[in-house]
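Enquirer: Show me the folded form of this:
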Amino acid sequence: MNKTSSNFPNLEHQRQALSGNSRGLSQLRRGSLTEQFLLVKRKDGSLVKRGPYSAAHRASRMIQGLFPRRLTDPQLVPLYRQQIQGPAPV
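Expert: Purely as a prediction, here's the structure:
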């Protein structure tokens, strides 16, 4: 028997183990999720920070530069947050 055929059962076992582990992975998304705040100047000249605005979340990632996407649907924010943070450590 040659070396390749003797390693086959071990490789097949490793492949099945990896396949089983990957089934439990959730969707993953690269990047970051930020909230938008605005600095507003009052009549007295002082600045105050307003926000966060509910429809002003931005999901950003780097693709040959910054690629931002504004999330206008508030229901997408928890989904994006979960996908960016990734699965909980075991």
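Enquirer: Low-confidence stretches in the chain?
Expert: Across the chain, the ranges flagged by pLDDT under 70 are 1-8, 19-26, 53-56, 87-90.
Enquirer: residue ranges of the strands in the protein, please?
Expert: For the chain, the strands defined by DSSP state E cover 32-34, 38-41, 47-50, 57-62, 66-71.
Enquirer: just checking, what packs against the third one?
Expert: Secondary structure elements in contact with strand 47-50, counted by 3 or more Cβ pairs under 8 Å, 6 or more residues apart in numbering; DSSP states H and E, are strand 38-41. (C-beta placed from N, C-alpha, C; glycine too.)
Enquirer: Packing partners of the strand it packs on?
Expert: Taking 3+ Cβ pairs under 8 Å, 6+ apart as the contact cut, strand 38-41 packs with strand 47-50.
Enquirer: could I have the strand it packs on exported to PDB, CA atoms only?
Expert: What follows is strand 47-50, C-alpha atoms only, in PDB (Å, rounded to 0.1, in the frame of the first residue of the first chain):
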ATOM      1  CA  LEU A  47     -21.500  73.000  20.600                       C
ATOM      2  CA  VAL A  48     -23.700  70.100  21.600                       C
ATOM      3  CA  LYS A  49     -23.700  66.600  20.200                       C
ATOM      4  CA  ARG A  50     -27.000  65.300  18.900                       C
END
